[in-house]
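Peer 1: This is the structure alone, sequence omitted:
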């Protein structure tokens, strides 16, 4: 499905060298150059510019790269879909942020597979922007994310609403209060998600709405593993901002204490299933949502939910 010209172009774009691309593709360097020449003739453009020893894409080359990556993604998915069809399987690629594994979403998807024996699911992780791009490039079929970015080519279905809270070890003196001010929070060591994470973005928006800036707080660590963040907080090494539903179990066991931050608004967000408008299996979206709602109703006493 993906011809040699595109494969050669993508390889050169990745390694930034005709010689290295030739080695990777097991071609001679003249053969690699010929494939690029054919591609330039096909589109009537110049793909690469060379300044000294540096190889750079031209403006038109950048555009071609964007669509070539989509071709590669579609080709890979087509090969996988055909391989699955020979086994009477349907594969659904689903994108999530890394911390989605901290909630009941994987269990929801597991139940979906049990109810649809001919379906298997492959989970791809990344930031919200990375997942959005994967959707637009046809590299995944669905995404389950919080506060999804808007795009005219995408549709979303609401799954749930959640709120963020400040978590601390029971040994931390701030847990004596059910609510603390932002000025008091300045005295704490913060362990936060990276700036690209939905949790972090919601927190920073909350700060701005209260005439505060993240720069006024002491961020001790930034990482994207919620389990590790909770473990560090339980060891009283700092405090964090996290989805309330991601730490219900730890709160119930007395390992973490959730504290409300005083402010004008609550740190809330939505959890949605996001997909391209051209997605061909809308019934899968509805079924996943039904399973989620059923499990939420069954387990609401335990506080199952989501995090990003």
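Peer 2: Noted; the coordinates are in hand. Note that the structure is a prediction, hence the values are computed from the model and not measured.
Peer 1: Quick check: which ranges of the stretch 101-250 of the chain have low pLDDT?
Peer 2: 101-103 (pLDDT under 70).
Peer 1: Find the helix or strand that the closest residue to residue 256 other than its chain neighbours is a member of.
Peer 2: The shortest distance from residue 256 to any non-neighbouring residue, by Cβ to Cβ, 6 or more residues apart in numbering, is to residue 250 (4.1 Å). Where C-beta positions appear, they are placed from N, C-alpha and C, glycine not excepted. Per DSSP states H and E: residue 250 is located in helix 248-252.
Peer 1: now that helix, how far from the centre of its chain.
Peer 2: 25 Å (Cα atoms, centre = their mean, to the nearest Å).
Peer 1: buried set for it?
Peer 2: 248, 250, 251 (16 or more other Cβ atoms under 10 Å).
Peer 1: My read is that residue 213 contacts residue 205, right?
Peer 2: No. Judged on Cβ atoms under 8 Å, residue 213 makes no contact with residue 205 at a distance of 11.7 Å.
Peer 1: Please identify which of the two sits among more neighbours.
Peer 2: Set side by side, residue 213 and residue 205 show more neighbours around residue 205, with 14 against 9, by other Cβ atoms under 10 Å.
Peer 1: A strand includes that one, no?
Peer 2: No. According to DSSP: H, G, I helix; E, B strand; the rest coil, residue 205 belongs to no strand; its state is helix.
Peer 1: how much space between it and residue 111?
Peer 2: Noted for residue 205: a distance of 33 Å to residue 111, by Cβ to Cβ, to the nearest Å.
Peer 1: now swap in residue 95 and tell me
Peer 2: For residue 95, the distance to residue 111 - Cβ to Cβ - is 19 Å.
Peer 1: So the two - more neighbours on which side?
Peer 2: residue 95 (25 against 17).
Peer 1: Which of the helices or strands spans that one?
Peer 2: Using DSSP H and E, residue 95 sits within strand 90-96.
Peer 1: Please apply the same query to residue 80.
Peer 2: With DSSP H and E as criterion, residue 80 is part of helix 59-86.
Peer 1: in that helix, what's buried?
Peer 2: Going by neighbour count (16+ other Cβ under 10 Å), the buried part of helix 59-86 is 61, 64, 65, 68, 69, 71, 72, 73, 77.
Peer 1: returning to that earlier point: would you list the buried residues of helix 248-252 in CSV and tack on distance to residue 26?
Peer 2: Formatted as CSV, those follow (distance: Cβ to Cβ, whole Å):
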residue, distance to residue 26
248, 54
250, 53
251, 57
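Peer 1: so residue 197 makes contact with residue 130?
Peer 2: No. Look at residue 197 against residue 130 with Cβ under 8 Å: they stay out of range, at 11.5 Å.
Peer 1: Starting from the helix holding residue 250, tell me the next helix or strand along the chain.
Peer 2: Using DSSP H and E, the first helix or strand after helix 248-252 is strand 257-261.
Peer 1: dump the residue contacts of the closest residue in space to residue 288 that isn't next to it in sequence.
Peer 2: Once flanking residues are discounted, residue 288 sits nearest to residue 112: 5.5 Å by Cβ to Cβ, 6+ apart. By Cβ atoms under 8 Å, 6 or more residues apart in numbering, the contact list for residue 112 reads 119, 121, 284, 287, 288, 291.
Peer 1: Just the ones of these in strands?
Peer 2: Among the contacts of residue 112, the members falling in strands are 119, 121 (criterion: DSSP state E).
Peer 1: most neighbours, which of the contacts of residue 112?
Peer 2: Most surrounded of the contacts of residue 112: other Cβ under 10 Å gives residue 288, at 23 neighbours.
Peer 1: wait, that one sits on residue 107?
Peer 2: No. With contact defined as Cβ under 8 Å, residue 288 and residue 107 do not form a contacting pair (11.7 Å).
Peer 1: The residue nearest to residue 256 touches residue 234, doesn't it?
Peer 2: Yes. With contact defined as Cβ under 8 Å, residue 250 counts as touching residue 234 (7.0 Å).
Peer 1: what domains does the record give for the protein?
Peer 2: For the chain, the structural domains run 4-68, 76-160+270-302, 161-268, going by automatic domain parsing.
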